[in-house]
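# predicted model, plus sequence, below.
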Amino acid sequence: MRIDGPAISPTEVSFPNGGTDLAGFLFVPESDNPVPCLVDNHGSQLPPGTADLSHPQTAAFFMSQGYAYLFPHRAGYGNSSGVKLAQEVTAPRGTPDHDEQMVKRLTQENRDVIASLDYLTTRPDIDAERIVVMGSSLGGIHTLLALAQDKRWRCGLDFSGGASQWKAHPKIKQMLLDAAAALTAPVMLIQPENDFNTAPTEEISALLTELGKPHEAAIFPKWGTPGAEAHRFCAAGQQIWGPMVAAFLEKYL
């Protein structure tokens, strides 16, 4: 038996950043007019050769709201060529050298995030004035960095950004606080309470409140098992966070 309904299937796309061609997977709902789009930035766990290519589970939620969805692969991850994270960040986690190496790598990677925005603004099926940056874990870090870097983003969704680094990596922590202080667009900070560490949501929200910057912050009840599974809340918890995110986007997008 065949089931009728819209296909949740992407087009593989390619776009440049300097001399590197980056891969991505773009889902666009049927529409007679240009549609808003979300750019979902992956975390550190997207190795070359992965089968986790396009995140159709997240795309399906946003397409149901009438939004397009781009899942880009930064250089060195997934289907994009480039130097792998582990080749440039060689120091053990929790050490000052790791902190230093990660800050350098994050700065470099964030140019790929901006390149995805550049690409979307060239597409006639995407509303260039209504593009959202989002991401989880390392992708959540990139959400704040990209929002601070480029004012073309309409708003952002940061899931668990910095949860793994906040306690032992002061330079990454300060990088995030500096980015938050520079924001002009609204951001929503999201974590489940059994994530690795909810301090990023709590402390960044407190800073944004102090500075009078538009934002929302939500620490959801425990989701799955503590730590690594809970940290995947963005990728697999759409039925829980979906209504609140939909309301945020309706307000700001």
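Done, it's in. Numbers count the residues shown, from 1 in each chain.

# pretty sure residue 188 sits against residue 219.
No. The pair residue 188 and residue 219 does not pass the contact test of CB atoms under 8 Å, sitting 11.9 Å apart. (Glycine included, C-beta is placed from N, CA and C.)

# which one's more surrounded, these two?
residue 188 (27 against 15; other CB atoms under 10 Å).

# and that one, what does it touch?
Residue 188 sits next to 155, 156, 157, 158, 215, 216, 217, 218, 244, 245, 248 when contact means CB atoms under 8 Å, 6 or more residues apart in numbering.

# residue 77 and residue 139, how far apart?
According to CB to CB, to the nearest Å, residue 77 and residue 139 sit 11 Å apart.

# correction: the previous question concerned residue 5.
Distance from residue 5 to residue 139, by CB to CB: 29 Å.

# over to residue 6?
Per CB to CB, residue 6 is found 26 Å from residue 139.

# between these two, which is the more surrounded one?
Neighbours were counted for residue 6 and for residue 139 using other CB under 10 Å; residue 139 has more, 30 against 10.

# on the three-state scheme, that one is what?
Put simply, residue 139 is helix when judged by DSSP: H, G, I helix; E, B strand; the rest coil.

# excluding chain neighbours, what is closest to it?
Nearest residue to residue 139, sequence neighbours excluded (CB to CB, 6 or more residues apart in numbering): residue 41, at 3.4 Å.

# surely the one you found meets residue 144?
No. Assessed by CB under 8 Å, residue 41 is found out of contact with residue 144, at 10.7 Å.

# residue closest to the middle of this protein?
What sits nearest the mean C-alpha location of the chain, by CA atoms, centre = their mean, is residue 135, with 1.5 Å.

# contacts for the lowest-mean-pLDDT helix or strand in the chain, please.
In the chain, no helix or strand scores lower on mean pLDDT, DSSP states H and E than helix 85-88, which sits at a mean of 94. For helix 85-88, the external contacting residues (CB under 8 Å, 6+ apart) are 44, 76, 77, 101, 104, 105.

# ok so the fourth one is a helix residue?
In other words, residue 101. Yes. According to three-state DSSP, residue 101 belongs to a helix.

# got a list of what it touches?
Going by CB under 8 Å, 6+ apart, residue 101 touches 88, 89, 90, 91.

# how does it look with 7 Å?
Residues counted as contacts of residue 101 (CB atoms under 7 Å, 6 or more residues apart in numbering) are 88, 89, 91.

# in ChimeraX, how would I select just the buried ones from the residues you listed?
Of the contacts of residue 101, the buried ones go into a single ChimeraX selection, burial set by 16 or more other CB atoms under 10 Å:
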select :89
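
# how about the contacts of residue 101 in TSV, adding distance to residue 56?
Output for the contacts of residue 101, formatted as TSV (distance: CB to CB, whole Å):
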residue	distance to residue 56
88	30
89	29
91	35
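
# of all the contacts of residue 101, which comes closest to residue 225?
Nearest to residue 225, judged by CB to CB, of the contacts of residue 101 is residue 89 at 26.8 Å.

# so that closest one makes contact with residue 102?
Yes. Residue 89 lies in contact with residue 102 (CB atoms under 7 Å); the separation is 5.6 Å.

# please state the backbone phi and psi of residue 191?
The phi and psi torsions at residue 191 (degrees, to the nearest 10) take the values phi -150, psi 150.
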